[in-house]
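>>> Sequence and computational prediction follow.
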Amino acid sequence: MSNKAFGIGLLTLIGFPVFGFLLRYGLDLTKLPDFLQMQQFQAIPIGYGGMFGFIYAFIALPLMQAPVFDGLSYRMETLIGQLKLTFLGGIFLSVCAGVGEELFFRAALQPSLGVWLSSVIFVAIHGYLNPWNWRFSLYGLIILPFIVLLSYGFEFFGLWFAIAAHFAYDAVLFTAIVMENRAKKTKHESRKIATFEG
């Protein structure tokens with residue numbers, strides 16, 4: 001994993017929650033337990049969240065790899081290749097995104113903005129709602145139902161459901177893409193060796 005990927009992970013894990021807490025509660029540190037919702041850190045909501053994220057990722061992955069997205073410069077595969085991400089790096093980024101982004105979007109924004117607006121902002125901030133590029137927006141429409149359902153899950157099961165779902169979804173996608181990039185690299189190196197030997 002590159003230093004850039006590590007830095008992005010730490011910024012997400014620390015920066016998003018700090019900004020979200022300040023946005024919602026200001027400097028009132030007595031509200032920290034409410035923000036973190038540690039009383040809801042329980043096996044059942046975490047298990048439900050993990051299963052939901054895992055299942056949705058396996059539904060979304062083939063859609064995201066459809067030929068319509070070929071050549072899209074912002075594809076996740078391209079970004080992961082640039083970050084030199086390993087399997088463990090993908091797990092690290094999944095934890096950082098799951099915790100950091102859900103604390104910001106669900107615990108800080110959603111109580112004020114509601115499910116739909118906070119979900120649309122989430123997808124837009126990730127760059128997947130682009131009125132000048134329909135393929136970006138199509139990518140976003142694959143992700144948006146997951147975020148909306150995750151947001152409703154937050155309302156019913158709490159923050160840790162959302163964190164587990166986000167982590168599981170990202171972990172599946174990162175793992176699949178790291179494996180795919182590794183296979184492409186091996187195939188490319190095999191061709192080079194064959195060409196050299198030929």
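Now that the structure is in, tell me what you want to look at.
>>> all contacts plus neighbour counts: C-alpha atoms, from now on.
Fine.
>>> what sits against the residue nearest the centre of the chain?
Note on the chain: the residue nearest the mean C-alpha position is Asp170, at 4.7 Å, using C-alpha atoms, centre = their mean. Contact analysis of Asp170 by C-alpha atoms under 8 Å, 6 or more residues apart in numbering lists 57, 94.
>>> ranges for the helices of this structure?
3-10, 16-25, 32-36, 43-64, 76-82, 87-102, 110-125, 134-157, 159-197 (DSSP state H).
>>> Can you read off the pLDDT for the residue nearest to the centre of the chain?
As predicted, Asp170 sits at a pLDDT of 94.
>>> how deep is Tyr128 tucked in, by neighbour count?
Tyr128 has 23 neighbours, counted by other C-alpha atoms under 10 Å.
>>> doesn't Trp134 make contact with it?
No: using C-alpha atoms under 8 Å, Tyr128 makes no contact with Trp134, being 9.5 Å away.
>>> now the residue nearest to the centre of the chain: how far from Leu88?
13 Å (C-alpha to C-alpha, to the nearest Å).
>>> What of Leu32?
30 Å.
>>> what's the answer for Leu144, then?
27 Å.
>>> And the two? Which one has more around it.
Leu144 (20 against 13).
>>> What distance do you get for the closest residue to the more buried one other than its chain neighbours to Val178?
What sits nearest to Leu144 in space, not counting adjacent residues and going by C-alpha to C-alpha, 6 or more residues apart in numbering, is Val123, at 6.5 Å. Val123 sits 22 Å away from Val178, going by C-alpha to C-alpha.
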